[in-house]
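# Sequence plus the predicted model coming up.
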Protein chains: 2
Amino acid sequence: MKIGELAKQSGLSTHTLRFYEKQGLIRASTRSESNYRIYSQADLSAVRFVKRSRDMGFSLEEVGVFLSIRADKPAHVCREAKDLAQQKIFEVEQKIHEMQQMLTALHKLSDACCGGNESAEFCSIIEVLDYTSVEQDEGYSVPAGKGKA
Amino acid sequence: MKIGELAKQSGLSTHTLRFYEKQGLIRASTRSESNYRIYSQADLSAVRFVKRSRDMGFSLEEVGVFLSIRADKPAHVCREAKDLAQQKIFEVEQKIHEMQQMLTALHKLSDACCGGNESAEFCSIIEVLDYTSVEQDEGYSVPAGKGKA
DNA sequence: ATAAACCTTAGACTAGACTCTAATGTCAAG
DNA sequence: CTTGACATTAGAGTCTAGTCTAAGGTTTAT
Ligand SMILES: [Zn+2]
Ligand SMILES: [Zn+2]
Ligand SMILES: [Zn+2]
Ligand SMILES: [Zn+2]
């Protein structure tokens, strides 16, 4: 099949497929007389392998490592693959944690504000973003802010 | 204070502060005779406002909106600020959800593999990444894979 | 007076993963 | 035979948020 068909079958764009080739990830097993890329079913499998890996959060570089393991399994050991997976689990957990921290802060921010069409003069969101625990030399004092504003 | 001092006080680099200025976010209220940026306490507050907003996940563009609300509160309404906050909450929740999906998939991937120093010939990680629900025309069948490999 | 430490500018570079363009060649259908 | 869809290449552009460099000017301390 040609690149357009592979794009359809894999859910990636032709641009992306050529880009992956340039990155050394996947290449067509043959070329036509007119130099068109001709892909086999095995090529399609490889592309899907790449896509699945990407969907799990692996970078293109990491996918490259998986591909080279896949290309010559006896030359590699399980540990190589598992290390990558566990490293990725760690990274994703870290990011989830960061985002959950953000989310907590954002909820506090949002909940304090009425969200109405009134002037933002006493808007709690701006106040909270503005608040500095130790504010000196400014004659500025943090508003009490009991209600939503 | 000069930019180096502001950097210390705010926890941002001088590079970043000049970059923020170029982005139209914060500028020194005055310049010295020798054209050095001279920042006031109010400038420091603004920079901290920016930093806090960034830490909550807002983009520089969004921070710019917050800053303009902050700069002229009566000209704005609470809804503007709250919309931004809620939109961000939505985005962060989306991302957390995606990452949790990834995490589930990654755990499945990782748990199936022994992680040992044996050949990756039957490595479950490669197998799982390779698996395609509907695989035809290839004489290829998905391995049973009961054990960790 | 001279070195260290600071400041200035414009602009280039980084990462990651695409995404698109231009200029040209090829192929199938009407 | 021409039109339109598809293909080729090298290389440039996009996005975000910095990060760094070069080539110089200024301030402070010794
Ligand atoms: Zn409000
Ligand atoms: Zn309000
Ligand atoms: Zn394994
Ligand atoms: Zn194993």
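Perfect, thanks for sending it. Ligands and ions are numbered 1, 2, ... in the order given.

# Next, count neighbours for residue A:1.
Residue neighbour count, defined by other C-beta atoms under 10 Å in any protein chain shown, stands at 16 for residue A:1. Where C-beta positions appear, they are placed from N, C-alpha and C, glycine not excepted.

# gap between it and residue B:107?
Taking C-beta to C-beta, to the nearest Å as the measure, residue A:1 and residue B:107 are separated by 35 Å.

# where does residue A:25 land in three-state SS?
coil (DSSP: H, G, I helix; E, B strand; the rest coil).

# pretty sure it is touching residue A:66, no?
No. Using C-beta atoms under 8 Å, residue A:25 is not in contact with residue A:66, being 10.0 Å away.

# In terms of neighbours, single out the busier of those two.
Counted by other C-beta under 10 Å, residue A:25 and residue A:66 do not tie: residue A:66 has more neighbours, with 25 against 20.

# For that one, give me the pLDDT.
Predicted confidence (pLDDT) at residue A:66: the value is 98.

# That one - nearest residue in space that isn't next to it in sequence?
Spatial nearest neighbour of residue A:66, excluding adjacent residues (C-beta to C-beta, 6 or more residues apart in numbering or on different chains): residue A:53 at 5.6 Å.

# pLDDT score for residue A:36?
At residue A:36, the pLDDT value in this model is 97.

# how about it, what does it touch?
Each residue near residue A:36 by C-beta atoms under 8 Å, 6 or more residues apart in numbering or on different chains is listed here: A:2-3.

# rewinding a little: number of residues surrounding the residue nearest to residue A:66?
With other C-beta under 10 Å as criterion, residue A:53 counts 26.

# List the contacts of it.
Applying C-beta under 8 Å, 6+ apart to residue A:53 gives the contacts A:62-63, A:66, B:129.

# quick one: which of those is nearest residue B:38?
Proximity of those to residue B:38 was ranked by C-beta to C-beta; the top entry is residue A:62 with 47.6 Å.

# Isn't the closest one up against residue A:84?
Yes. Shown here, residue A:62 and residue A:84 form a contact pair, counting by C-beta under 8 Å, at 5.8 Å.

# Can you pick out the residue with more neighbours from those two?
Higher neighbour count among residue A:62 and residue A:84: residue A:84, with 21 against 17, using other C-beta under 10 Å.

# per-residue pLDDT, the more buried one?
Per the predicted model, pLDDT is 97 at residue A:84.

# Helix or strand: which one has it?
Using DSSP states H and E, residue A:84 maps to helix A:78-111.

# Would you mind pulling up the elements that that helix packs against?
Helices and strands touching helix A:78-111, by 3 or more C-beta pairs under 8 Å, 6 or more residues apart in numbering or on different chains; DSSP states H and E, are helix A:60-71, helix A:124-130, helix B:78-111, helix B:124-130.

# Would you enumerate the residues in contact with the residue in chain A positioned nearest to ligand 3?
Shortest chain A-to-ligand 3 distance, computed as C-beta to the ion: residue-wise this is residue A:78, at 3.2 Å. Shown in contact with residue A:78 (C-beta under 8 Å, 6+ apart): B:113-120, B:123, B:125, B:149.

# okay, the helices and strands packed on helix A:78-111 in a markdown table with distance to residue A:93 next?
Listed next are the helices and strands packed on helix A:78-111 as a markdown table, based on distance: least, C-beta to C-beta, whole Å:
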| stretch | distance to residue A:93 |
| --- | --- |
| helix A:60-71 | 16 |
| helix A:124-130 | 28 |
| helix B:78-111 | 7 |
| helix B:124-130 | 18 |
